[in-house]
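S.K.: predicted model follows, preceded by the sequence.
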Amino acid sequence: LGGARFLELKTVQIMDGEEIRNAVPKPCITAEDECYNCEWSTELTVEEAYEEYVKAWLAIHVLAPEFGVSDADDFAFNMSVGYDLAGIKTEKIDSFIEGLKDASDRPVFKEGIKFLEENLDLFEQISADDIAAISPNICNAATLSTLHGCPPDEIEAISKYLLTEKHVSVFVKCNPTMLGYDYAREALDKLGYDYVAFPDTHFRGDLQYDDAVEMFGRLLPLAKEKGLAFGAKLTNTFPCDTDNNQLPAESMYMSGRSLMALTVSLATKLSEAFDGKLPISYSGGADAFNINDILKTGIGPVTMATTLLKPGGYARFNQIAQKTEYMLKDNSGGEVDLEALRDLRDKSYQILTNQKRYREKVASRKTDSKLELFDCYKAPCKDGGCPINQQIPEYLKLVADGEYDEAMRVIAIDNACPTITGVLCAQPCRDKCTRLDYDTAIHMRDVKLKAADESQNPYVKNITASDLRTDKKIAVIGAGPGGVAAAVYLRRNGLEVDVFEKRDKSHGIVRYAIPNFRITEDQIDRDYDIAVAEGVNFHFNCDPNFDLDELRKDYDYVVVAVGAWAEGRSPVKEGKDKVHDALDVLIKAKEGGALDMGKRVAVVGAGDVAMDCARLAKQTAGVEHVDIVYRRTEAYMPASQDEYDGALAEGVGVLELVAPVSYDGKTLRCEKMELGDYDASGRKSVNGTAEYVDLEYDFVIGATGASVNPGLFEKFGLALDERKRPKLSEVFESSETNVYVVGDCRRGPSTVVAAMGDSRTVAKEILRREGLANDFERVEVAMEQDDINKRRGVLMHSRERDSEGERCLKCDQFCEICKEVCPNRANVAISVPGYENLHQILHMDGMCNECGNCGTFCPHAGLPYKDKFTLYWTMEDFEDSTNVGFLKLDDDKYLVRDANTQVFESGIRDDRDDRMLDGFVAMIAAVEADYPWLLTYDA
């Protein structure tokens, strides 16, 4: 009904129900990027699984034509059985197989047909003849799933049994281990998954390639003789070690985009062995981006699971169906096109979407906010990502609609440096963008710059300085982005502000250090013009030796924003005086001084500043070669992906796992490093090997961070910590009343937007103390719900900046990710009057197996399957849980558990218990009135 037409049913085996539920550790799925699981077959009993499959068969037959999806019998079920011959021969599994071959005498089929016949009035497009025409022959094909290490003779015996005695077509699920350990290790390393740990155990114990070819060579003619089909299911999941607490199991199994190249490689190898005549059922990282490339090889059917576990969920099938429909109509089901398959194999190692770097080094999108019981939707890009809570979905839509003036107005509410952040922002918002779990995060910075380019100049011309609302005055020391932002926020809200700067212009390091190829003087001046238009008073070329007592004679508040300009820690132990500080190099270059770097340059460090230095060196006259020298690997580089890519595009080299020790002006001696175990931060530790390498460089730049000069803090008498940084309150007030510290001088070198975030906090606090309202208004830029729905589940590549906002999923209006990513649909969205959000999430305990997937993708810190309001079906389930929720009792009352773990009985009307919160009543009343079928489950 969502767009797929080949349904491979979850594997059944002799172990089922409660026994397997107790055997599988939970959570059992983590699909943050590539997916890992530690589950096995269905956790239903075999009989329960059978009944669900029959019900689904009947439902599709009536709902597809009723909804106008299709009026043809154009879908197929495929059973999956395992794991050994003895188990498959048991009465339990045999009954399952026979019941799917012919369900005509099974009670669940008869009852289902009877129900449909008795409820024809529910349908507009279904007749009694349609019901009678539903075939009881659900499927006559099976995918054989065996455990890792299953002997080839066992696999062949099961296949023969299914072909000759059960008379069903068979596809044997093959493991990617068939490619061999060395091939798999090299392939994953090449794609950037070098951190994935796996021993060669499974590669030695699993079905070997040569054995498979011989076996398939015997089974193919046997199937043909029986009038059936035989083929390979490529591939099963990839066995890995659990080495970073990914799941509560010793081993786990990988799937998703990391598997595509391996799967296509194995498909190519087997297809070449059988000259394209081996039927292949494909499963390995298929999604909307690559589905047509796979189908063009002649391979089919194609099944997918990992993409459906991501935001958008089953709705992703709609796009896939639309993209593939024309191909499926022309698909004759012939042989595999070997040339096309070889091309896809080679291409699969080059496709960016298969490479780890496609995710741009972002791990979890989760933020630290609490997951509330109700009204939990939020846009994590602005709430948890952006330090100034920039109204990102709002300006994205405005720019996409061509409303540049309004977009500029919305941006300027929170952002005092629209152009600078439009050019240079580190974009922490992108690390939280929901699009990241679809394809790539939206390029918010580019869209912001589009608005600024179009409308910032007229916006500035229309600014009228606000009248002063108080006689209180503020002194801001430092005219970097943090200082300018504090001044703008305070001045436009009616306070007089003087900014004191020792240099001759504003915006600090942005103006004096960041290279011209990154940002121009005109772009910086455009943001300075905002501050001037707002009425901020600037005093340049000031004596930096300020006296706090003197300042307090004229000013009621002091904001210190002097930045981090001091030289950082040297990257070498010997020869420190011969290593050039990155900031010093950048400043000299910006001043126009000719730098003699020689021919070979090394930049030690891997942040954005290091990338700037490397690009600067590459563009310096006489320089022939530039290397980034880094003690870890690219995956751990702090530089943003686009800055790193920019450096590589200009020909900068990268030396990984080398740590500089000494430099004598010619030779940079480095210790070779190796990655160790994962540390508490979730990244691998790095250890020295006591093996050294000498590298020849004429010029070495140390880009391992600047430091803060504590001189002014000491002169002001501020309390400092052991690192000589001021001790501050939550609103960045120092030990001296009404003296605040913001930006890089508070935390060390950081970002423009982080400095503005500090300034926003301080400005709001000063305004609060003065009893003045602030103007950080929240703007509503709504989108029609139908238009939002059309974007859900749709993969899109990045666009030009004027239309990039069309990729936005409008999380500020609509989330429901926990509903989308639940494979069991255990999180249900229901309409509840009286709430801000369109829908509220109700967790269905009886449908949840605690796989944990909703917790992975929820933008809050919480776990929906544990933290959302929960409906229970049985007393046993209620008592076995700690979730806040309710169980319907027989007397129109409910058994309720609240957030304090109190359990009580209550009605929702006159018999309401005092402990029954309004939210509980509203949710239960909505279920009673509009969703009564959710209250009970007739097993």
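M.R.: Cool, got the structure.
S.K.: residues contacting residue 286?
M.R.: 260, 294, 302, 303, 304, 307 (C-beta atoms under 8 Å, 6 or more residues apart in numbering). From N, CA and C alone the C-beta is placed, and that goes for glycine too.
S.K.: just checking the distance from the biggest helix by length in the chain to the centre of its chain.
M.R.: Longest helix in the chain by number of residues (criterion: DSSP state H): helix 46-66. Centroid displacement of helix 46-66 relative to its chain, using C-alpha atoms, centre = their mean, to the nearest Å, is 33 Å.
S.K.: tell me what whatever helix or strand comes next after that helix is packed against?
M.R.: Note on helix 46-66: by DSSP states H and E, the next helix or strand toward the C-terminus is strand 76-81. Helices and strands touching strand 76-81, by 3 or more C-beta pairs under 8 Å, 6 or more residues apart in numbering; DSSP states H and E, are strand 6-8, helix 91-101, strand 141-144.
S.K.: just name the most buried of the ones you listed.
M.R.: Of all the helices and strands packed on strand 76-81, strand 141-144 has the most neighbours on average by mean count of other C-beta atoms under 10 Å, namely a mean of 23.
S.K.: list the helices and strands that one packs on?
M.R.: Packed next to strand 141-144, using 3+ C-beta pairs under 8 Å, 6+ apart, are strand 76-81, helix 152-164, strand 169-174.
S.K.: and the helix or strand that the first one is followed by, what's buried?
M.R.: By that I understand strand 76-81. For strand 76-81, the following helix or strand on the C-terminal side (DSSP H and E) is helix 85-88. Under the neighbour-count criterion of 16 or more other C-beta atoms under 10 Å, helix 85-88 has 85, 87, 88 buried.
S.K.: surely residue 832 and residue 924 touch.
M.R.: No: counting by C-beta atoms under 8 Å, residue 832 does not reach residue 924; the two are 9.7 Å apart.
S.K.: comparing the two, which residue is more hemmed in?
M.R.: Taking other C-beta atoms under 10 Å, residue 832 and residue 924 do not tie; residue 924 has more neighbours (24 against 21).
S.K.: what does the lowest-mean-pLDDT helix or strand in the chain contact?
M.R.: Across the helices and strands of the chain, mean confidence by mean pLDDT, DSSP states H and E is lowest for helix 316-329: a mean of 90. Outside helix 316-329, the residues that touch it by C-beta under 8 Å, 6+ apart are 2-4, 287-288, 291-292, 295-296, 304, 307-308, 310, 793-795.
S.K.: got it, and stretch 399-410?
M.R.: 391, 394-395, 398, 418, 447, 450-452, 454-456, 458-459, 779, 781, 801-806, 808.
S.K.: what residue ranges in the protein score low on pLDDT?
M.R.: Applying pLDDT under 70 to the chain flags the ranges 330-333, 938-939.
S.K.: residue farthest from the centroid of it?
M.R.: In terms of distance from the mean C-alpha position of the chain, residue 553 ranks first, at 51.9 Å (C-alpha atoms, centre = their mean).
S.K.: centre-most residue in this structure?
M.R.: Among the residues of the chain, the one closest to the centroid is residue 437, at 3.9 Å (C-alpha atoms, centre = their mean).
S.K.: which residue packs closest to residue 869, ignoring adjacent ones?
M.R.: residue 373 (5.1 Å; C-beta to C-beta, 6 or more residues apart in numbering).
S.K.: same check, this time on residue 659
M.R.: Using C-beta to C-beta, 6+ apart, the nearest residue to residue 659 is residue 631, at 4.0 Å.
S.K.: repeat that for residue 66.
M.R.: Distance criterion C-beta to C-beta, 6+ apart; nearest residue to residue 66, sequence neighbours excluded, is residue 125 at 4.9 Å.
S.K.: same question, residue 931
M.R.: residue 830 (5.7 Å).
S.K.: distance between the ends of stretch 863-873?
M.R.: 21 Å (C-alpha to C-alpha, to the nearest Å).
S.K.: name the residues that touch that stretch?
M.R.: 371, 373-374, 376, 818, 826-827, 840-846, 848, 850, 852, 854-855, 858, 878, 881-887, 919-920, 923, 927, 934-937.
S.K.: list the buried residues of that stretch.
M.R.: 863, 864, 865, 866, 867, 868, 869, 870, 871, 872, 873.
S.K.: over to stretch 630-642?
M.R.: The neighbour-count check on stretch 630-642 (16+ other C-beta under 10 Å) flags 630, 631, 632, 633, 634, 635, 636, 637, 638, 639, 640, 641 as buried.
S.K.: mind picking the one among these that's closest to residue 146?
M.R.: residue 635 (34.2 Å; C-beta to C-beta).
S.K.: mind giving me the domain split of the protein?
M.R.: Domain assignment for the chain by automatic domain parsing gives 6-359, 381-462+782-807, 473-556+734-769, 576-702, 817-934.
S.K.: export those to JSON lines and append columns for distance to residue 728.
M.R.: Output for the domains of the chain, formatted as JSON lines (distance: least, C-beta to C-beta, whole Å):
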{"stretch": "domain 6-359", "distance to residue 728": "34"}
{"stretch": "domain 381-462+782-807", "distance to residue 728": "16"}
{"stretch": "domain 473-556+734-769", "distance to residue 728": "6"}
{"stretch": "domain 576-702", "distance to residue 728": "24"}
{"stretch": "domain 817-934", "distance to residue 728": "24"}
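S.K.: between the ones you listed, which gets nearest to residue 715?
M.R.: Comparing the domains of the chain by their distance to residue 715 (C-beta to C-beta), the top pick is domain 473-556+734-769, with 7.5 Å.
S.K.: quick one: end-to-end length of that closest one, please.
M.R.: Taking C-alpha to C-alpha, domain 473-556+734-769 runs 13 Å from one end to the other.
S.K.: gap between that domain and the chain center?
M.R.: Distance, stretch centre to chain centre, for domain 473-556+734-769: 35 Å (C-alpha atoms, centre = their mean).
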